[in-house]
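[1] Just a sequence and a predicted model for now, questions to come.
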Amino acid sequence: MLFKRVVFSLGLFFVTAQSHAGDANRAFAAAQGGDFDTALTEWMPLAEQGFARAQYNVGVMHEMGEGVAKNYKTAIKWYTLAAEQGYTFAQYNLALKFFKGEGVAKDPESAVKWYKLAAEQGHVQAQYNLAVMYDTGNGIPEDNAAALKWYTQAANRGHIKAQYNLGLKFDNGTNVLEDDEAAFGWFKLAAEQADGRAEYQIASMYDRGEGVTQSYGAAILWYTRAAEKGYASAQFNLGLKYDIGRGTPENDELAGDWYARAAEQGHVKSEYNLSVLDEDTDASVREDGRFTDENREMEAEEKYKNVALKPDFQALVIQQGRASGRDTVEWYAIKREEEDSFLKLALAEKYFKREPILGKNTTPEAWFTPTAERGSPSAQFSLALVYDLGEGVAEDDETAARWYARAAQQGHVGARYNLGLAYDEGAGVDENDETAVSWYLQAAEQGDMKSRFNLGVKYSLGSGVEKSDEAAFSWYKMAAEQGLAKAQYNLAVAYDTARGISEEEGLAVKWYRRAAEQGDVNAKFNLGVKNETGKGTPQNFEKAVDWYMQAAQAGHAKAQYNLALKYFTGEGVGRSNIRAHMWANIARANDVPRSKKLIDVIVREMTAQQIATAQKRARSCSEKELSGC
């Protein structure tokens, strides 16, 4: 099913080997420069001699079709050899292959095995993917305790989606005790990394004083951030604040602007409130959250009476007015804001909360189908999601793709993006890179940042289009300027390596910083390097140490090694052999071979007691997932 596929991002990149460094460095430089034939010539002998990094890199080349014909089975062969030696990235990519059934039969149990091995070595995305599999029971028995464990480990290391999912669990009491304060804490961590869904949840909690002291001012701040990212419910609530003057002076013009932006996405209450503003009456829908019995009855009987004449909206609007739960964005028009378990949790939650109204034998399919068949693109998109997610019906990628296509043909941006994904992955349709590009392009022209990013990837790889670093740069830049962290990182790399644009190290630093501020660990590491070397920014060892520390605490092995060096040399931080030994030890556990040599040098200046202290601290930090180390 498409939803579950897109949760697991591929994340391929080449890694340099430390042993036989000359050969490996030549190979890496060749690969970076696009000379994959040379890279393969250098890496292959090392791979055949059993060096895990080289085996991994050869696997990447076969998977991407760089220097060799694309061949998933050969990629799996090399990934397996490296993974069996404990190489984290190979374990992760091998798990992806078993999960997606690329080059091997789909095997969720094997995917779990390799995800778990990578997760236990600190691979954050593996930790998150493992949590999702346990949470959803995707091919394996559901295990709530295991899901909570791995979500927590990933969240503690800055994984936004893990933080958000934990917030949902504590907010809804899903397999944990309901705890508004804990939910607020996790949502806030994700919101501080610019996650729009979390920003909306934080706003809503400030609005109602759940888990935090009520503050309409803070609610407006967070609603604004989410609204600017296109979240219709946030736009509606922001419009409502200006409409009724709660936490801000009344301002019909701003209220109308925000209602209009939400209405453009099919938000029914916004359409109604916009019409109320135009008529200069005082019958606006007053909240998008929990309703008293009196409000439910009044809204069903009075506030929606004008809208009830519209057949496509009649029953749906009344149901909205009677619904309970904080997030009452129309459940029949859920948009794929993020490719993660939020969609499944949200749709399931909304269906559950409407059972007393709809009746236990009423399914989302039965609810959406009449409106979808009458031609509503929002309902068509939602019906596609129902089949995509298997909510109340059997999972059916072909039917999902068919409804995505009908909505996409009417201009629904989310459907166009998802249809592009379907052709990209061969989910319910024959895999076709050119068609995927066509749908991404249509969604991108409507401003969809994820489609713009995917087009950047397509042009970078020459997948479905003629390879063009210049075109890739252009699409990455548009997505980056909309705030997508992975696009910001790729844009920084383009400036850093003169790929599709002239080398501009100052601009590389700018975009690395923006990605880093959203939690991108590789961007944090690269900022450390930039500050240490003085490239693109004035040399500043203190800032270098700060960025290395952030990346190291998020599990970046090279950052851990560089941090150890800084503590040993005292550049940018107080010299400490104990902390140098601790970080070198952690880096060594994360498979940085140079770490052993560094430890051998450090211990020459240490007493036995100091060594024991450093080792104890390393164990303690590992147990705490490096938090506060």
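    Alright, I've got the coordinates.
[2] Against which helices or strands is whichever strand or helix holds Ser474 packed?
    Here Ser474 sits within helix 469-481, counting by DSSP states H and E. Judged by 3 or more Cβ pairs under 8 Å, 6 or more residues apart in numbering; DSSP states H and E, helix 469-481 is in contact with helix 449-461, helix 485-497. No exception for glycine: its C-beta is placed from N, CA and C like everyone else's.
[3] Can you add mean neighbour count and distance to Tyr72 and give the ones you listed back as JSON lines?
    Shown next, in JSON lines, are those (neighbours: other Cβ atoms under 10 Å; distance: least, Cβ to Cβ, whole Å):
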{"stretch": "helix 449-461", "mean neighbour count": "24", "distance to Tyr72": "15"}
{"stretch": "helix 485-497", "mean neighbour count": "24", "distance to Tyr72": "23"}
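[4] Can you add mean pLDDT and distance to Gly245 and give those back as a markdown table?
    Shown next, in a markdown table, are the helices and strands packed on helix 469-481 (pLDDT from 0 to 100; distance: least, Cβ to Cβ, whole Å):
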| stretch | mean pLDDT | distance to Gly245 |
| --- | --- | --- |
| helix 449-461 | 94 | 33 |
| helix 485-497 | 94 | 36 |
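[5] ok, Gln550 touching Ala523?
    No: proximity of Gln550 to Ala523 does not meet the contact threshold set by Cβ atoms under 8 Å, at 9.9 Å.
[6] For these two, indicate the residue with more neighbours.
    For Gln550 versus Ala523, neighbours defined as other Cβ atoms under 10 Å are more numerous around Ala523 (27 against 20).
[7] Quickly note the distance from the more buried one to Ala480.
    11 Å (Cβ to Cβ, to the nearest Å).
[8] Could you do Ala471 as well?
    Distance from Ala471 to Ala480, by Cβ to Cβ: 15 Å.
[9] What of Val457?
    In terms of Cβ to Cβ, Val457 sits 13 Å off from Ala480.
[10] what's the span of stretch 495-509 from first residue to last?
    With Cα to Cα, to the nearest Å as the measure, stretch 495-509 spans 9 Å from end to end.
[11] for it, which positions count as buried?
    Across stretch 495-509, burial judged by 16 or more other Cβ atoms under 10 Å covers Tyr495, Asp496, Arg499, Gly500, Ile501, Glu504, Glu505, Leu507, Ala508, Val509.
[12] May I ask you to confirm that the last one is in contact with Thr533?
    No: here Val509 does not reach Thr533: they are 11.0 Å apart, not a contact under Cβ under 8 Å.
[13] Listing request: residues of the protein with sub-threshold pLDDT.
    1-25, 27-28, 30-32, 278-364, 367 (pLDDT under 70).
[14] What residue spans form the domains of it?
    The chain is divided into the following domains under automatic domain parsing: 1-112, 194-322, 331-505, 520-623.
[15] wait, which of the helices and strands packed on helix 469-481 is closest to Arg157?
    helix 485-497 (15.3 Å; Cβ to Cβ).
[16] Which secondary structure elements does the closest one sit against?
    Against helix 485-497 (3+ Cβ pairs under 8 Å, 6+ apart) you get helix 449-461, helix 469-481, helix 505-517, helix 521-533.
[17] nearest to Ala379, of these?
    helix 449-461 (21.9 Å).
[18] outside of that closest one, which residues touch it?
    64, 416-417, 420-421, 424, 433, 436-437, 439-441, 443-444, 463-465, 467-469, 471-476, 478-479, 482-484, 486-487, 490 (Cβ atoms under 8 Å, 6 or more residues apart in numbering).
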